[in-house]
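*Asks:* this one's structure only:
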């Protein structure tokens, strides 16, 4: 129909994915509904990057799981600086560094490796990702940590943070491994995607992305909390056994999943 709306015969496939497929057309242009939907998604992505983290609420949710929380910040003093200066997002602020030092002097942190694992929860490039997904993922991960007997350091809740800030956190807490849960760069169909980065032997200013294992798109519409928790636990188990992560540690956790069912939290088998 010239000048009118013509539905794409693939339109039925749209219920299977949030991706922009089968948009149809109105004459030579997109239908108004899809044009407005694109504008809304773009606005949501921009908001996810710009809106500050509700750290009080996230801290309360994590503490509600029975986990201790330490509030920290990067060296980026505000959101605008954070976006323009990625290097500052990888460094601890002077106040946060001093707070870690004070805890160490009080005997609450051991530099001899009293903790097996540090977890940093960071706003990154999507605060909504942390507000919606961090606590549920930690709740799913906690039974795996308990079953394996890993000693978990206080959860570091970081603002204006990049992934590499976790290296400094692990150094201050004296852990051999660090897991960073961070808001990923928003997409036009996923403004609240959570990423998980695992690093063994992190060294501030020396560790690269090749030294990390990553899981992405953790959220109800993507990688489920239960599946992500299992994969993180498998990777952490292998990292502590083999003393490596990144390109030297291949994720082979899928072979333990039979008929779509996840193994129960327990000490993971080696090999």
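*Replies:* Noted; the coordinates are in hand. What you see is a predicted model; the values in this text were computed from it and never measured.

*Asks:* Now do the top helix by length along the chain, average pLDDT.
*Replies:* Criterion DSSP state H: the longest helix present in the chain is helix 127-148. Mean pLDDT, helix 127-148: 96.

*Asks:* try stretch 87-94
*Replies:* Mean predicted confidence for stretch 87-94 is 97.

*Asks:* mind listing what's buried in that stretch?
*Replies:* Buried residues in stretch 87-94, counted by 16 or more other C-beta atoms under 10 Å: 88-93. All C-beta atoms are positioned from the backbone trio N, CA, C, and that covers glycine.

*Asks:* for the residues you listed, which one is nearest residue 18?
*Replies:* residue 89 (28.4 Å; C-beta to C-beta).

*Asks:* That closest one in helix, strand or coil?
*Replies:* At residue 89 the chain is in helix, as set by DSSP: H, G, I helix; E, B strand; the rest coil.

*Asks:* Relative to residue 40, how far out is the nearest residue to it once chain neighbours are set aside?
*Replies:* Setting aside the residues directly before and after it, residue 89 is nearest to residue 162 in space (C-beta to C-beta, 6 or more residues apart in numbering), at 3.8 Å. For residue 162, the distance to residue 40 equals 28 Å [C-beta to C-beta, to the nearest Å].

*Asks:* and the two? which has more neighbours close in?
*Replies:* residue 162 (21 against 11; other C-beta atoms under 10 Å).

*Asks:* List the contacts of that one.
*Replies:* By C-beta atoms under 8 Å, 6 or more residues apart in numbering, the residues touching residue 162 are 74, 86, 89-90, 122, 124, 182.

*Asks:* Put together TSV for those residues, with secondary structure on each row.
*Replies:* Output for the contacts of residue 162, formatted as TSV (three-state DSSP):
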residue	secondary structure
74	strand
86	coil
89	helix
90	helix
122	strand
124	coil
182	strand
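
*Asks:* just the buried members of the residues you listed?
*Replies:* For the contacts of residue 162, buried by 16+ other C-beta under 10 Å: 74, 89-90, 122, 124, 182.

*Asks:* For residue 20, state which of these is nearest.
*Replies:* Closest to residue 20, out of all of those and judged by C-beta to C-beta, is residue 124, at 24.3 Å.

*Asks:* I'd assumed residue 183 was in contact with that closest one.
*Replies:* Yes. At 3.8 Å, residue 124 and residue 183 qualify as touching, with contact defined as C-beta atoms under 8 Å.

*Asks:* List the buried residues for the longest helix of the chain?
*Replies:* Under the neighbour-count criterion of 16+ other C-beta under 10 Å, helix 127-148 has 127-142, 144-145, 148 buried.

*Asks:* next helix or strand past it?
*Replies:* Downstream of helix 127-148, the first helix or strand assigned by DSSP states H and E is strand 155-159.

*Asks:* Need the residues that contact the following helix or strand past that next one.
*Replies:* Under the assignment DSSP H and E, the closest C-terminal helix or strand after strand 155-159 is helix 165-173. If you take C-beta under 8 Å, 6+ apart as the criterion, helix 165-173 is touched by 72, 74, 89-92, 97, 100-101, 104, 109, 115, 118, 120, 122, 153-154, 156, 158, 176-180, 197, 199, 202-205, 207.

*Asks:* Return the members of those residues classed as buried.
*Replies:* Taking 16+ other C-beta under 10 Å as the criterion, what is buried in the contacts of helix 165-173 is 72, 74, 89-92, 100, 109, 115, 118, 120, 122, 153-154, 156, 158, 176-180, 197, 199, 202, 204, 207.

*Asks:* how much space is there between residue 232 and residue 190?
*Replies:* Residue 232 is 19 Å from residue 190, by C-beta to C-beta.

*Asks:* swap that for residue 217, please
*Replies:* 7 Å.

*Asks:* can you check residue 221 too?
*Replies:* For residue 221, the distance to residue 190 - C-beta to C-beta - is 7 Å.

*Asks:* what do the two both touch?
*Replies:* Joint contacts of residue 221 and residue 190 (C-beta under 8 Å, 6+ apart) are residue 18.

*Asks:* more crowded one of these two?
*Replies:* The neighbour comparison of residue 221 against residue 190 (other C-beta under 10 Å) goes to residue 190, with 23 against 12.
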